[in-house]
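Asker: Below are the sequence and a predicted model for it; my questions follow.
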Amino acid sequence: MSSSKQQGGLLGGLIRLSADNPITTLLITAMIAAFGWISMLTSPMDAVPDLSDPQVIIYTDWAGRSPDQVEDQITFPLSSQLLSTPGVETVRGQSFFGLSLLYVIFDESVDPYWARTRVLETITSAEASLPSGVSPTLGPDASGVGWIYMYALTDTSGNNDLADLRELQDWELKFALESVSGVAEVASIGGFVKQFQVIIDPNKLINYGVTLNEVADAIRASNQETGGRVLEVAGHEHMIRGIGEIQNLDDLRGVLIKVGSDGAPVTIGEVAEVAFGSEMRRGVAELNGEGEVVGGIVVMRQGENALTVIDAVKQRISELQPSLPDGVELITTYDRSGLINGSINTLRETVIQEMLVVSFIVLLFLMHFPSSVVAVLTLPVAILIAFIPLRAQGFSINIMSLGGIAVAIGAMVDGSIIIVENIHQRLAKWREEGELEEKRRVITQAMVEVGPSIFISLLVITVSFLPVFTLQATEGRLFKPLAWTKTWAMAGGAILAVTATPALAVLLIGRGSSNPKSERLNGLLTAVYEPVVRWTLRHKRLVIGIALALFASTIPIWRGLDSEFMPPLNEGAILHMPTAPPGMSIGQASEVLQAMDRKIRAIPEVETVFGKMGRADTATDPAPLGMAETTITIKPREEWREGLTWQGLINELDAAVQTPGMPNIWWMPIRTRTEMLSTGVRSPLAVQLFGPDIESIERAGVDIERILKAEIPEGRSAFAERSGGGFYLD
């Protein structure tokens, strides 16, 4: 009890000090608020918290090898060695045709860059046990929400084909955008990567006595430069160099392989046909059902400010637009900044509305405008104070962290309202009794009476979110920003209740007087409230029994409610993700993708349709060739048909796009990327199978797929991965 009194005395002294020095107190408060404003502006901004685990992606190219070879000689050996890396929780591997992808998931306490260093050490030591010429590479330092901006390159002039557009993307736009601060990489998708191709004639090799290795060695040796010494000519030093870089097809045809037995040179052109061709494609891009295009995906570095990076990318694109070839157009197909700004603006409006409501209520009951100003001014300052520790903790400003502010506002203003109300009560009593005590002293004493109790009560409310801080993994990453923001905002409100509020009260309330109408209104409310309280106290058992009965009646309703870990966030865009059975060719994939996109684009509410089938040139995209990822941007809600809901739009899209063998999945882009990189699953619900071999697992998976389709009418689709599928020519 004595310690409580001592604490109250300290708080009372702080209130008196603030009231006696109002100008100094408000100047210090303004400086802290300015620091909070700077912290808010420099904090990362995104639509949602980054829910992905700390992870490192390893991709390894082994051209021409089948998935089972890649699995046995790369994916499995690397996975087994990475499991012993400190802090690793899971290693998930995927083997494709000519490619291995490994996702090393770390404990959430591990620093991502420390994790990358340890993984690099492990794969460096493991490289000796891999096949010759195979070199694992770390993926970008990006998370599951790193895909922040996408665009497509189209040509309306007919002067640039898909190979030209891909060359423009890979050698100009890609490098220009990767130089933007905060961009981890720019991934290319679609088009044709131009190659010099040497098509060997086996019969000519035999005739000239040339081996395939000799041809490869000759090309490799000829496509390089070498240096010599220096030659002095006319008093000037000339550096000698040998230029052997292949510039055109004739250079390649003229490469010397060997000298024949008759002394005649044997060149590449004599044993092979040399021509331009394209690299084998494992992904295509399509726009609005009108045909193939070349696409670019901007991947943000982990922990960066998404809004700032997107703005910088768009600024760089505007600078590059004039330099694009005639007829080439860069079309934005996905831009997350709209979602980020929309989320922030919505919550900003909510906060402003709550502040206006608080002002109106205070003004209504006190009939004194300066008093409402005292209560309301502390709100934005407390919010700004909350951003100081949030910035230091590295949290981003997103819909969850801003939601914590919205939750805290109601309790934050209670302290100021109670202080202002008590001041008016004491002033009214002071006027009635005609005391000689000066007005400022009366106001200060009124604040000292309730200030310490308010401070403690606000701290009690602040710590009520402590259980949220015990959440771990995805749950913690989702709810901790809300809990921390609410906690810091409440702490700021508690501090202001015993510092800034007394200073404002002395300056504003001390110079005005309350309205007698407010006293009549309060008296009316008291007249209504007091009989109810007295009746409740006389019938305590009855009131408690009724309350318990009402509580019990809610249990069946609660148990019947649907449950969801995270309610779906309407991102303003939809991701369409049907998957074809294994074995689909690149040409068939392009045709199917264009047909689906054309049907989607026919829906009036659809703005653009950017279809992708297969994987982009990035380690953050584990999509096989048969999996489509179509990003659909939707028009603003005011342009929709009357009465159409979001679910109705999804149902209409699902009915319009029905491709045999490719069940539909409609999801949100950010959530999908997070789920896929964290769990490897691209739908909200999945069944994982474990077994002795691929064939048994696939057979059981197909049986489960058939059962789920038949016995769960609520499900829109069910699809089993054909892990061992594919066609092989041995």
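Answerer: Good, I have the coordinates. Residues are numbered from 1 along each chain as shown.
Asker: which residue lies farthest from the center of this protein?
Answerer: residue 262 (67.5 Å; CA atoms, centre = their mean).
Asker: hey, where'd the strands end up in the stretch 1-150 of the chain?
Answerer: 55-61, 88-96, 99-106, 137-138, 147-155 (DSSP state E, counting those that start in this stretch).
Asker: pretty sure the residue farthest from the centre of the chain belongs to a strand, no?
Answerer: No: under DSSP: H, G, I helix; E, B strand; the rest coil, residue 262 sits outside any strand and is assigned coil.
Asker: how about it, phi and psi?
Answerer: Dihedral pair for residue 262: phi -90, psi 10, per degrees, to the nearest 10.
Asker: cool, and residue 376?
Answerer: Dihedral angles for residue 376 - degrees, to the nearest 10 - are phi -80, psi -30.
Asker: and it, what does it touch?
Answerer: 355, 358-359, 362, 413 (CB atoms under 8 Å, 6 or more residues apart in numbering). (C-beta placed from N, C-alpha, C; glycine too.)
Asker: how about a cut-off of 7 Å?
Answerer: With contact taken as CB atoms under 7 Å, 6 or more residues apart in numbering, residue 376 is in contact with 355, 358-359.
Asker: Residue 258 in helix, strand or coil?
Answerer: Of the three states, residue 258 takes strand under three-state DSSP.
Asker: wait, isn't it in contact with residue 268?
Answerer: No: using CB atoms under 7 Å, residue 258 makes no contact with residue 268, being 11.2 Å away.
Asker: These two: which has the busier surroundings?
Answerer: Set side by side, residue 258 and residue 268 show more neighbours around residue 268, with 22 against 15, by other CB atoms under 10 Å.
Asker: so that one sits right up against residue 197, yeah?
Answerer: No: between residue 268 and residue 197 there is no contact under CB under 7 Å: 11.5 Å.
Asker: what's next to stretch 55-69, contact-wise?
Answerer: Against stretch 55-69 from outside (CB under 7 Å, 6+ apart): 70, 74, 78, 95-106, 115-116, 119, 123, 131, 134, 136-139, 619-620, 677, 728.
Asker: Just the buried subset of those, written out for PyMOL, thanks.
Answerer: PyMOL command restricting the contacts of stretch 55-69 to the buried ones, with burial defined by 16 or more other CB atoms under 10 Å:
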select buried, resi 70+74+78+95+96+97+98+99+100+101+102+103+104+105+106+115+116+119+123+136+138+139+619+620+677
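Asker: any shared contact partners between residue 268 and residue 197?
Answerer: Counting by CB under 7 Å, 6+ apart, nothing touches both residue 268 and residue 197.
Asker: Could I get the average pLDDT for the longest helix along the chain?
Answerer: Ordering each helix of the chain by length in residues (DSSP state H) puts helix 399-433 first. Across helix 399-433, pLDDT averages out at 75.
Asker: same deal with stretch 148-164?
Answerer: pLDDT averaged over stretch 148-164 gives 91.
Asker: switch to numbering from 5
Answerer: Done: numbering now begins at 5, and the last item shifts to stretch 152-168.
Asker: Give me the buried positions along that stretch.
Answerer: Result for stretch 152-168 [16+ other CB under 10 Å]: buried residues 152-159, 164, 166-168.
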